[in-house]
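1. how would this look folded up:
(2 chains)
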Amino acid sequence: MRIAIVSTYPPSRGSLNEYAYYFVDHMRQKPEIDEVILLVDELPEGAAYPTPPEHVKIIPAWKFGALDNAMRIRRAVQEVNPDAVLFNVQFATFADTRVAGAVGLTAPALVKQAGYPVVVLLHNIMETVDLSKAGFGANVIMERVTRTAGDMFTRAILSADLVAVTIPKYVEILEAKYGATNVILAPHGSFQDAPPPQFDPNPSVLRIMAFGKFGTYKRVEVMIEAFKLLREQLPGTTLELVIAGTDSPNAAGYLESMKQTYADVPGIVYTGYVAEEDVARIFTEATIVVFPYNSTTGSSGVLHQAGNYARPAVLPDLGDFAELIREEGYTGEFFVPENAASLAEAIRRYWDNPEKRQADSMQNYLSSVGIPISEVVDWYLLHIERLLEARAAKQPS
Amino acid sequence: MDMNVSTVSGMSVITLNGRFDAFEAPPLIKWFEDNVTKDQAHVVVDLGGVGFLDSAALASLVKGMKRCRERGGDLVICNLQQAVRIIFELTGLNRAFTIAETREAALNAF
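-> Below you'll find the predicted structure:
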């Protein structure tokens, strides 16, 4: 199969260039692929695309900001005559001005009219774009005009054989507003197939860590009380409680007051601000990550980080929080909020059971990385093969 | 998640029960790698006991289907609960897989 991909690609600095790089690198290695033809944007004078890897051809076929991109792309597709064409785009891929940007987005429709199967991977939709931040909405009237035009061009994009989006809400919007029946949800995919960090099943120190900005709904009192209980329960174990982060902006002085209140409790480390380059160490050195929350507003970015570093999580059993994190694929040991004994018990359940700690760490890791882009490529190939089969079946024998 | 494999009329039938997610997908992938051969490439996956599956689970089924098709067979899915059927429809994979209402229908789909 020969697939043309319309996209930015490094060293172009256009958005989605990195995504295209990984996507193409995996696609070219698939046994069903003979060639990937990249139809990319022209680089500034003096810059050049590198020699492409095996099974990849790079053809500059459009220019960011130009008005004739759609026509040029159609011509380029006709010249290379692929089996199918995939667009890796978002609303501002072709230009940062209204007219050129919109005209560029008619390219999928033109290519389909030319007789090629077209799949569009659409990374955002007009309905969720903040036009002023995207540079498309100078004032309210112009924003309205832009949105109306956006509706028209969204319909043009939806004339593709298949439009893939990466967020379920986008599918709902496109189906409800435009009556689309050709929109599917596809996973974004993670760029690297990185191995999980090393897991030490028998650490010599029980290092409990909480991460964030403290003093509002993230509070450390109950966690410190639980830590005191654990010190009594595990006299032969070296314990450390790491409070990693700073005061919440709305709770200045909170951690300093905690330091004073619990000055008599040994083994507590207050790291203060954690620089980006220290985040990995803070997480990987922790035996267990605790979420000392007394309320939540949804999911948790810290939980995603804990997953990234393959750490087990001890979480409050709060409202829909447990259900939400399970839906995201994460797991943990739960405690009754504001209850030190319950928190200590939850930590003990992990500390006393290294196998469960390791299994749950791995589950959190797998949930945080999602599926690798190499597998996402398989989904697209599956859909493209289906489109080609349907076309072949329609042709008179 | 529980995973049971049986052989019916010379075809492998995998019955899955429970939550099917990133953590549960690797054993299924390994089963496909170890057991799908040119002589044994027809597989039915009965998802009747699965109430939730995520993208990693779907990816494992895609891998399994590819492996079966590359060896001249196919993978047929059956007994989808409503929530799981919606996920297949949302991802368009209902158009890529052969999906049967019952296990019997799945076995007759080859």
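2. can you map out the strands along the stretch 201-350 of chain A?
-> Along the stretch 201-350 of chain A, the segments classed as strands by DSSP state E, counting those that start in this stretch run A:205-214, A:238-247, A:268-272, A:288-290, A:313-316, A:333-335.
3. and those: which comes nearest residue A:171?
-> With CB to CB as the measure, strand A:313-316 is the member of these nearest residue A:171 (29.7 Å). Glycine gets a C-beta too; all of them are placed from N, C-alpha and C.
4. near chain B, which residues of the stretch 51-200 of chain A?
-> Applying CB under 8 Å from any CB of the partner chain, one finds that the stretch 51-200 of chain A approaches chain B through A:162, A:164, A:168, A:171, A:184-187.
5. out of those, which are buried?
-> Buried members of those, counted by 16 or more other CB atoms under 10 Å in any protein chain shown: A:162, A:164, A:171, A:184-187.
6. not counting residues beside it along the chain, what's closest to residue A:334?
-> Sequence neighbours aside, residue A:317 is the residue nearest to residue A:334 in space, at 4.2 Å (criterion: CB to CB, 6 or more residues apart in numbering or on different chains).
7. burial count for the one you found?
-> Residue A:317 sits with 15 neighbouring residues when counted by other CB atoms under 10 Å in any protein chain shown.
8. so who does the closest residue in space to residue A:17 that isn't next to it in sequence touch?
-> In this structure, residue A:17 finds its nearest non-sequential neighbour in residue A:8, 4.2 Å apart by CB to CB, 6+ apart. Neighbour list for residue A:8: A:14-17, A:20, A:40-41, A:88, A:93 [criterion: CB atoms under 8 Å, 6 or more residues apart in numbering or on different chains].
9. same thing but 10 Å
-> Contacts of residue A:8 were listed using CB atoms under 10 Å, 6 or more residues apart in numbering or on different chains, and they are A:14-21, A:38, A:40-41, A:62, A:64, A:88-89, A:93-94.
10. quick one: it is in a helix?
-> No. Counting by DSSP: H, G, I helix; E, B strand; the rest coil, residue A:8 falls outside a helix, being coil.
11. quick check: it vs chain B, distance?
-> Using CB to the nearest CB, to the nearest Å, residue A:8 is found at 25 Å from chain B.
12. any idea how far chain B is from the closest residue to residue A:251 other than its chain neighbours?
-> With CB to CB, 6+ apart as the measure, residue A:215 is the residue that lies nearest to residue A:251, at 2.4 Å, once sequence neighbours are left out. To chain B, residue A:215 is 34 Å away according to CB to the nearest CB.
13. low-scoring stretches of the stretch 101-250 of chain A, by residue?
-> A:128-138, A:192-197, A:201 (pLDDT under 70).
14. helix, strand, or coil at the residue of it found nearest chain B?
-> Per CB to the nearest CB, residue A:184 is where the stretch 101-250 of chain A lies closest to chain B, at 3.3 Å. Residue A:184 falls in the strand class when you classify it by three-state DSSP.
15. contact partners for it?
-> A:119, A:162-165, A:171, A:379, A:383, B:89-96.
16. with adjacent residues omitted, what lies nearest to it?
-> Among residues not flanking residue A:184 along the chain, residue B:92 sits closest, at 3.3 Å (CB to CB, 6+ apart).
17. so that neighbour touches residue B:62, yeah?
-> No. Residue B:92 is beyond contact range of residue B:62, at 11.6 Å (criterion: CB atoms under 10 Å).
18. end to end on stretch A:257-271, go ahead and measure it.
-> With CA to CA, to the nearest Å as the measure, stretch A:257-271 spans 15 Å from end to end.
19. contacting residues for residue A:362?
-> By CB under 10 Å, 6+ apart, the neighbours of residue A:362 are A:196, A:199, A:307, A:310, A:312, A:331, B:22-23, B:26.
20. identify the farthest-apart pair in those.
-> Largest separation among the contacts of residue A:362 by CB to CB: A:312 and B:26, giving 18.8 Å.
21. in terms of neighbours, single out the busier of those two.
-> The residue with more neighbours, out of residue A:312 and residue B:26, is residue A:312; 28 against 13, by other CB under 10 Å.
22. my guess is the more buried one contacts residue A:289, does it?
-> Yes. In this structure, residue A:312 is within contact of residue A:289 by CB under 10 Å, at 7.1 Å.
23. what's around residue A:199, how many residues?
-> Residue A:199 has 16 neighbours, counted by other CB under 10 Å.
24. also residue A:35?
-> For residue A:35, the neighbour count with other CB under 10 Å is 16.
25. how about it, phi and psi?
-> phi -160, psi 140 (degrees, to the nearest 10).
26. cool, residue B:15 as well?
-> Dihedral pair for residue B:15: phi -110, psi 120, per degrees, to the nearest 10.
27. that one reaches residue B:79, doesn't it?
-> Yes. Between residue B:15 and residue B:79 there is a contact under CB under 10 Å: 9.0 Å.
28. where do the contact lists of the two overlap?
-> Each of B:44-50, B:103 lies in contact with both residue B:15 and residue B:79 under the rule CB under 10 Å, 6+ apart.
29. out of these, who's nearest residue B:110?
-> Among the shared contacts of residue B:15 and residue B:79, residue B:44 lies closest to residue B:110 (CB to CB), at 8.7 Å.
30. my read is the closest one is in a strand, agree?
-> Yes. Applying three-state DSSP, one finds residue B:44 inside a strand.
31. give me the beta-bridge partners of the nearest residue to residue B:13 once chain neighbours are set aside?
-> Computed as CB to CB, 6+ apart, the closest residue to residue B:13 that is not its neighbour in sequence is residue B:44, at 4.6 Å. With DSSP bridges as the criterion, residue B:44 is bridged to residue B:13, residue B:76.
32. around residue B:44, how many other residues sit close by?
-> Neighbours of residue B:44 under the rule other CB under 10 Å: 26.
33. ditto for residue A:20
-> Residue A:20 is flanked by 24 other residues according to other CB under 10 Å.
34. mind listing the helices for chain B?
-> Secondary structure of chain B (DSSP state H): helices at B:25-35, B:55-70, B:82-90, B:103-107.
35. now, of these, which is deepest in the fold?
-> Compared across the helices of chain B, helix B:55-70 shows the largest average neighbour count, a mean of 21 (mean count of other CB atoms under 10 Å in any protein chain shown).
36. just the pLDDT for the residue in chain B that chain A sits nearest to.
-> Using CB to the nearest CB, the closest approach of chain B to chain A is made by residue B:92 at 3.3 Å. pLDDT, residue B:92: 94.
37. quick one, what contacts it?
-> Contacts of residue B:92 by CB under 10 Å, 6+ apart are A:162, A:164, A:171, A:182-186, A:379, A:382-383, A:386.
38. go with 8 Å
-> With CB under 8 Å, 6+ apart, residue B:92 has these contacts: A:162, A:164, A:184-186, A:383.
39. distance check, it against residue A:186.
-> According to CB to CB, to the nearest Å, residue B:92 stands 8 Å off from residue A:186.
40. the residue nearest to residue B:13 and residue B:79 touch, don't they?
-> No. Checked against CB atoms under 8 Å, the pair residue B:44 and residue B:79 is beyond contact range at 9.6 Å.
41. find residues that contact each of these two.
-> Listed as contacting both residue B:44 and residue B:79 by CB under 8 Å, 6+ apart are B:100, B:103.
42. and residue B:79, what does it touch?
-> Contacts of residue B:79 (CB under 8 Å, 6+ apart): B:46-48, B:100-103.
43. try it again with 7 Å
-> Shown in contact with residue B:79 (CB atoms under 7 Å, 6 or more residues apart in numbering or on different chains): B:46-48, B:102-103.
44. widest-spaced pair of those?
-> Within the contacts of residue B:79, B:47 and B:102 form the most distant pair, 12.0 Å apart (CB to CB).
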